[in-house]
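In: coordinates only, sequence not included:
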């Protein structure tokens, strides 16, 4: 159902229900109610409907929603007072038209005040419901818009990683083609697994931790062919870690960063240690420890060209998990660099 049909349905049901309740209470009174009075209540309900539709037109035409809260409240109260006064006059005219006017009663100050108060109350309810519906609908549209923008940003970040990662993998194999064909074949098999994974990652925001870990193992096996004895790898993975989902290419990006800025800069090479455990609050803690030393902390802010590596990882964590994820990188003594990530075990905010 579109917005216009929903609006008219609620208008008719709302004012129709008020007319029904008024007729019901009037019929239960000691004097009862006749057919002419029933039509009087119906015509009054129609006036309520038309008058609120008119004020809705005024609200939309003059864009009251752009007003400040004090201005909006002031104009709404003034509009309700004006509508209530007109409503009291219309009630008198309806009574005259249907021949049910009682001058001695209908023109009493107490009766007019009561009718004015009831009309003001009805209009206040309508204003409250109308503005509440508008703000909730606007808030919902804002959330959808922000989610769509985040989806676009996330897809852009993932698209940056694909060619970046594949280029590095192919570069690692190039030197083996002539030197050791058997190792080159093994390396090509690993690359095919990585390519298959990279195609899969374009379709998902998070994947099973096991799938990501298998890709990391393929990558490290590929790098171990290039570095030989200069690269040592250790895994300490708790079973609970396999119950989690993580952003694709995230762990691999951290490991690749450790190879590029750590191991490859050391003459004797070094070690990469991957630890994954479950925290006390159902969070997944991932730690990558590598030989090396950070002379200056790496920039985790987006780069002018969109950025790759760690800044990309931080942006993706922010888009998917908000403030519930955590990323940090620091020196452990003079020989090791540790990268830590905390990922909440929860439903991600964007559509899978």
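Out: Done, it's in. Everything numeric here is computed off the predicted structure, so don't read it as measured data.

In: can you pull the pLDDT of residue 350?
Out: In this model, residue 350 is scored at 45, pLDDT.

In: just residue 46 next, same as before
Out: Confidence for residue 46, expressed as pLDDT, is 94.

In: Also the one 5 residues further on?
Out: At residue 51 the predicted local confidence, pLDDT, stands at 94.

In: what sits against it?
Out: 83, 86, 87 (C-beta atoms under 8 Å, 6 or more residues apart in numbering). C-beta here means a position set from N, CA and C on the backbone, and glycine is covered the same way.

In: element containing it?
Out: Taking DSSP states H and E as the definition, residue 51 sits inside helix 35-61.

In: What segments of the protein are helices?
Out: 3-27, 35-61, 69-97, 103-106, 109-174, 176-179, 181-201, 209-227, 250-261, 309-321 (DSSP state H).

In: what's the average pLDDT for stretch 325-335?
Out: Mean predicted confidence for stretch 325-335 is 91.

In: gap between that stretch and the chain center?
Out: 30 Å (C-alpha atoms, centre = their mean, to the nearest Å).

In: Equivalent analysis for stretch 81-97, please.
Out: 47 Å.

In: coming back round to it: can you check what angle separates the helix holding residue 51 from helix 69-97?
Out: Helix 35-61 and helix 69-97 meet at an angle of 150 degrees, taking axes from the mean of the first three to the mean of the last three C-alpha atoms, to 10 degrees as the criterion.

In: Tell me the buried residues in helix 35-61?
Out: Going by neighbour count (16 or more other C-beta atoms under 10 Å), the buried part of helix 35-61 is 37-38, 40-45, 47-49, 51-52, 55, 59.

In: ok, now stretch 108-125?
Out: 112, 115, 116, 119, 120, 122, 123.

In: Same check on stretch 242-255?
Out: Buried, per 16+ other C-beta under 10 Å, within stretch 242-255: 244, 245, 246, 247, 248, 249, 250, 251, 252, 253, 254, 255.

In: Is it possible to get a markdown table of those residues that adds pLDDT and distance to residue 13?
Out: Shown next, in a markdown table, are the buried residues of stretch 242-255 (pLDDT from 0 to 100; distance: C-beta to C-beta, whole Å):
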| residue | pLDDT | distance to residue 13 |
| --- | --- | --- |
| 244 | 91 | 48 |
| 245 | 90 | 44 |
| 246 | 89 | 49 |
| 247 | 85 | 47 |
| 248 | 82 | 49 |
| 249 | 80 | 52 |
| 250 | 85 | 51 |
| 251 | 91 | 55 |
| 252 | 85 | 57 |
| 253 | 84 | 55 |
| 254 | 90 | 57 |
| 255 | 91 | 61 |
